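>>> what follows is a predicted structure for the sequence shown.
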Amino acid sequence: MDPHEFEKYRRILEWFKGNPQPPFKIDIELHRRCNLRCLSCSRRASPDYERLNEISKSLEMPLEKWLEIVEEAAELGVKEWHIAGGGEPMFLPSITLAVMKKIKEYGMLGIITTNGSLWTRKIIEEVVKMGWDRIHFSIDGPNEKVHDYLRQVPGTFKRVVRTLDLLNKLKKKYKTDKPMLNMNTVLSIKNYKLLPEMVKFAKKHGIEFMFVEPLIVYSKYGEMLKLKKRHLREFPQYLKKAIELAKKFGINNNFDGLEKNLDLELIEKSSKMNEVVKRDVERLEKLKVKGFLGSFLTVPCYKPWFHMTIKCNGRTTSCDVPVTGGENVKDKTLKKIWYKSEYFRNLRKALRSKKIPEFCAQCNPSHTSQRRRMRLEVLRSLDGRLYRKIKTLYEYKF
């Protein structure tokens, strides 16, 4: 475990020992504008889908406010940022780059998720020079036919490949390992057989980490693309091949190791993740672990103890799943929201009581696999016997 991850786990455990800690990570949505029409996107759940870019303009906070938030977060002790949200960050490059620079000025770790189609050479060079840490590219197919169909804009695949190749070229030019290049893929009926080819694509284009997420249904298109039982019966053969290739090429990923994010239950139960979370808690309760460790292991979710999400209109919650509720950074400081707000206090209390909010049904499956990994990482250093026992609960069952 690297020191960065260790600090996250340390803060969470301190909370469960009765010692409140500052937030470790903040996800931000700078705006909701996007240039693509991805079939699996959460944006399609909105009745105003066709007007989201225009609506975003009336919601967005000014750059000055975002820079203030970054400064306040640095003073509070935040260590990591993720620029994500319901759009493409580089739709507004001047805003996005200014926030990225401010994050790095304070020495915090920076991540950005992007479709990679709007990055110019100037943007790429600026990002490399500032020492940005990680870029997560959303790529849903190893070829133009599959990727562009799922993204619904012709030419998208060629543009993201150009961005990847230029990034690798400029990293060599400036003799730097940063930014690390990751690939995010939404698993669907259009690409599940192509997972081994995705690994080969990653190797060819300098991808160091593959993140594959089971599809969550947000619209009729998502329902059409979600793997059905016949696909699930076939999928293990392609997953096994992908794991073999990833090991051969030295590409880290979230579908092998401690996370196992492509467990068949996670794929089948995406959009019903509250059922999976409840079952996880019930299995861990049967182990009857005592003390703060027992309390830590059986909490349904850890987000409110290390994580904040800030939407483009200032609405602040513990994660990006709930579409209502929370506090607002336009009205309160980050410190007051984190330590004193009714929202975070009530959510932590509910989760400690094993109450799972309704919105957790739409939680990303990867949040569950990451939570499982978190439990295992903690146990590996505190209780080897219990670590081995719980680890068997999360192994692939095929």
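Sure thing, it's come through.
>>> tell me which residues in stretch 340-360 are buried?
Across stretch 340-360, burial judged by 16 or more other C-beta atoms under 10 Å covers 341, 343-344, 347-348, 351, 356-357, 359-360. For the C-beta atoms, the positions are set from N, CA and C on the backbone; glycine is no exception.
>>> confirm Cys312 sits in a helix?
No. Applying DSSP: H, G, I helix; E, B strand; the rest coil, one finds Cys312 to be coil, outside a helix.
>>> how far away is it from Leu36?
18 Å (C-beta to C-beta, to the nearest Å).
>>> could you do Glu197 as well?
Per C-beta to C-beta, Glu197 is found 22 Å from Leu36.
>>> next: Gly325.
28 Å.
>>> more neighbours: which of the two?
Leu36 (20 against 13; other C-beta atoms under 10 Å).
>>> now stretch 60-75, how far from the chain's geometric center?
21 Å (C-alpha atoms, centre = their mean, to the nearest Å).
>>> one more: stretch 145-157?
22 Å.
>>> list the buried ones in it?
Neighbour-count burial for stretch 145-157 [16+ other C-beta under 10 Å]: 146-151, 153, 156-157.
>>> ok, so of these, who is nearest Ser295?
Within those, the smallest distance to Ser295 is 41.9 Å, found for Leu150 (C-beta to C-beta).
>>> all strands of the stretch 1-150 of the chain, in order?
Along the stretch 1-150 of the chain, counting by DSSP state E, counting those that start in this stretch, strands occupy 25-28, 80-83, 109-114, 134-138.
>>> swap in the stretch 201-350 of the chain?
Along the stretch 201-350 of the chain, the segments classed as strands by DSSP E, counting those that start in this stretch run 209-214, 252-253, 307-310, 315-317, 327-328.
>>> nearest to Pro62, out of the ones you listed?
That would be strand 307-310 among the strands of the stretch 201-350 of the chain, by C-beta to C-beta, at 13.9 Å.
>>> now for that closest one, which elements pack on it?
Contacts defined by 3 or more C-beta pairs under 8 Å, 6 or more residues apart in numbering; DSSP states H and E place strand 307-310 against strand 25-28, strand 315-317, helix 334-340.
>>> confidence score at the closest residue to Cys319 other than its chain neighbours?
Sequence neighbours aside, Lys303 is the residue nearest to Cys319 in space, at 4.8 Å (criterion: C-beta to C-beta, 6 or more residues apart in numbering). At Lys303, the pLDDT value in this model is 97.
>>> which ones are touching Lys303?
318-319, 367 (C-beta atoms under 8 Å, 6 or more residues apart in numbering).
>>> burial of the residue lying closest to Phe255 once chain neighbours are set aside, as a residue count?
Closest residue in space to Phe255, ignoring its immediate chain neighbours: Leu262 at 4.3 Å, by C-beta to C-beta, 6+ apart. Neighbour count of Leu262, defined by other C-beta under 10 Å: 26.
>>> then Lys290?
7.
>>> go ahead and confirm Arg32 touches Asn53.
Yes. The criterion here is C-beta atoms under 8 Å, and Arg32 meets it with Asn53 at 7.3 Å.
>>> thought Tyr218 was touching Ser42?
Yes. Using C-beta under 8 Å, Tyr218 is in contact with Ser42, at 4.9 Å.
>>> look through this structure and tell me its longest strand.
As assigned by DSSP state E, the longest strand anywhere in the chain is strand 180-187.
>>> other SSEs contacting it?
Looks like strand 180-187 contacts strand 134-138, helix 156-173, helix 195-204, strand 209-214 (3+ C-beta pairs under 8 Å, 6+ apart).
>>> including distance to Gly257 and mean pLDDT, could those go into JSON lines?
JSON lines is the format used below for the helices and strands packed on strand 180-187 (distance: least, C-beta to C-beta, whole Å; pLDDT from 0 to 100):
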{"stretch": "strand 134-138", "distance to Gly257": "18", "mean pLDDT": "98"}
{"stretch": "helix 156-173", "distance to Gly257": "24", "mean pLDDT": "98"}
{"stretch": "helix 195-204", "distance to Gly257": "15", "mean pLDDT": "98"}
{"stretch": "strand 209-214", "distance to Gly257": "11", "mean pLDDT": "98"}
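>>> would you turn the strands of the stretch 201-350 of the chain into a markdown table with mean neighbour count?
A markdown table is the format used below for the strands of the stretch 201-350 of the chain (neighbours: other C-beta atoms under 10 Å):
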| stretch | mean neighbour count |
| --- | --- |
| strand 209-214 | 22 |
| strand 252-253 | 20 |
| strand 307-310 | 24 |
| strand 315-317 | 23 |
| strand 327-328 | 18 |
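>>> just put these in TSV and tack on distance to Tyr238.
What follows is the strands of the stretch 201-350 of the chain, written out as TSV (distance: least, C-beta to C-beta, whole Å):
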stretch	distance to Tyr238
strand 209-214	11
strand 252-253	14
strand 307-310	32
strand 315-317	36
strand 327-328	43
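>>> quick check: which of those strands is nearest to Glu125?
Going by C-beta to C-beta, the one of the strands of the stretch 201-350 of the chain nearest Glu125 is strand 209-214, 22.8 Å.
>>> from the chain's centroid, how far away is the helix or strand bottoming out on mean pLDDT in the chain?
Least confident helix or strand of the chain, by mean pLDDT, DSSP states H and E, is helix 291-297 with a mean of 91. The chain centre lies 25 Å from the centre of helix 291-297; the measure is C-alpha atoms, centre = their mean.
>>> show me what contacts the residue nearest to Phe255?
Counting by C-beta under 8 Å, 6+ apart, Leu262 touches 187, 212, 214, 235, 239, 255.
>>> gap between it and Tyr238?
From Leu262 to Tyr238 the distance is 10 Å (C-beta to C-beta).
>>> try Glu54
For Glu54, the distance to Tyr238 (C-beta to C-beta) stands at 41 Å.
>>> more neighbours: those two, which one.
Comparing Glu54 with Tyr238 by other C-beta under 10 Å, the one with more neighbours is Tyr238, at 19 against 11.
>>> Glu197 is in contact with the more buried one, correct?
No. Taking C-beta under 8 Å as the definition, Tyr238 is not a contact partner of Glu197, at 9.4 Å.
>>> hmm, back to that, export the helices and strands packed on strand 180-187 to a markdown table and tack on distance to Leu393?
Output for these, formatted as a markdown table (distance: least, C-beta to C-beta, whole Å):
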| stretch | distance to Leu393 |
| --- | --- |
| strand 134-138 | 28 |
| helix 156-173 | 37 |
| helix 195-204 | 24 |
| strand 209-214 | 19 |
